[in-house]
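# Make a model of this:
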Amino acid sequence: MEPISFFPALLKMISALALVLGIMIGLAFLVRRFFQQTGMATPDGSSITILAVKYLGPKSSIMIVDILGEVVVIGVSNQQMSYLTTLDDEAALEKLRSLNRQRGRGIPAVDPLDRYKNLVRSLIRQKKDGDRS
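Model prediction:
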């Protein structure tokens, strides 16, 4: 009897997997490239700018959004988005816009790793405080 060689089968399986993954990555690239939304643009290239976000819970937040110069406050939840109000105080709006310009972006970056590090630190602190009692 001739011994069974698994090496050619393994090579064939790996090449088929690489081909399928390559096709999937190529399609994802094409979809992102050709199906981008277009619209009216402000001088910086975007028509909508998120000025601030305050997360209220796992799937809810309040956003301050600049839409072609009009600043609105929107409540966002898992199920819907709700218009809350329009901001008209020019001094506060200018301060908010200048803070965003200083940061160089519209929305503050939230690093999930930092969030988990802070959570672990607070749990360790609570445990230490509990041990001292």
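
# Show the contacting residues for Leu93.
Val71, Leu87 (C-beta atoms under 8 Å, 6 or more residues apart in numbering). Where you see a C-beta, it was placed from the backbone N, CA and C, and this is true even at glycine.

# what comes up buried for the helix or strand harbouring it?
Using DSSP states H and E, Leu93 maps to helix 90-103. Residues of helix 90-103 classed as buried by neighbour count (16 or more other C-beta atoms under 10 Å): Leu93, Leu96, Asn100.

# Let's have these in JSON lines, adding distance to Leu27 and pLDDT.
Listed next are the buried residues of helix 90-103 as JSON lines, based on distance: C-beta to C-beta, whole Å; pLDDT from 0 to 100:
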{"residue": "Leu93", "distance to Leu27": "42", "pLDDT": "78"}
{"residue": "Leu96", "distance to Leu27": "40", "pLDDT": "78"}
{"residue": "Asn100", "distance to Leu27": "35", "pLDDT": "72"}
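
# Turn those residues into TSV, columns for distance to Ser60.
Output for the buried residues of helix 90-103, formatted as TSV (distance: C-beta to C-beta, whole Å):
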residue	distance to Ser60
Leu93	24
Leu96	21
Asn100	22
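
# all helices in this structure, in order from the N-terminus.
Listed in chain order, the helices of the chain (DSSP state H) span 7-34, 90-103, 112-132.

# for the second one, the distance to its chain's centre please.
Spelled out, that is helix 90-103. 22 Å (C-alpha atoms, centre = their mean, to the nearest Å).
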